[in-house]
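Enquirer: sequence and predicted structure are below.
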Amino acid sequence: MTAYAFRRHAQYVVRQELERRRGALARLPSDRRAAVEELVAHAVAASVDGVLACARDDPLVAAALESVYGSRSVLRPAPVAPD
């Protein structure tokens with residue numbers, strides 16, 4: 001459950017932050033806005049995957065994630081994309 005919950009939380013934060021910056025993003029042409037949103041989603045996915053990779057190798061990182069997101073799970077990479 002840990003990896004799933006961590007990824008879902010990251011997706012939520014991406015959605016919230018893109019919404020918060022809606023005014024600034026609205027000034028961009030729609031194709032550029034979509035590119036920025038996709039870039040943000042990929043950057044967050046890479047960050048999440050990096051933290052999960054660290055958790056596989058470092059019991060302290062794994063314990064920290066478990067303390068926030070719940071029980072240990074298979075920690076494997078998966079894409080994070082805005083809904």
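Expert: Arrived safely, thanks for sending.

Enquirer: longest helix anywhere in the chain?
Expert: Using DSSP state H, we find that the single longest helix of the chain is helix 30-57.

Enquirer: what is it packed up against?
Expert: Under the contact criterion of 3 or more CB pairs under 8 Å, 6 or more residues apart in numbering; DSSP states H and E, helix 30-57 touches helix 2-20, helix 22-26, helix 59-69. No exception for glycine: its C-beta is placed from N, CA and C like everyone else's.

Enquirer: show me what counts as buried in that helix.
Expert: Neighbour counts over helix 30-57 (16 or more other CB atoms under 10 Å) mark 33, 37, 40-41, 44-45, 48-49, 51-52, 55 as buried.

Enquirer: can I get the helices and strands packed on helix 30-57 in a markdown table with mean pLDDT and mean neighbour count?
Expert: Below are the helices and strands packed on helix 30-57 laid out as a markdown table (pLDDT from 0 to 100; neighbours: other CB atoms under 10 Å):
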| stretch | mean pLDDT | mean neighbour count |
| --- | --- | --- |
| helix 2-20 | 93 | 15 |
| helix 22-26 | 92 | 10 |
| helix 59-69 | 90 | 14 |
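
Enquirer: excluding its backbone neighbours, what's nearest residue 47?
Expert: Nearest residue to residue 47, sequence neighbours excluded (CB to CB, 6 or more residues apart in numbering): residue 10, at 7.5 Å.

Enquirer: list the contacts for that neighbour?
Expert: Neighbouring residues of residue 10 by CB atoms under 8 Å, 6 or more residues apart in numbering: 44-45, 47-48, 80.

Enquirer: now, the most widely separated pair of the residues you listed?
Expert: Greatest spacing in the contacts of residue 10, by CB to CB: 47 and 80 (8.7 Å).

Enquirer: thanks a lot, catch you later.
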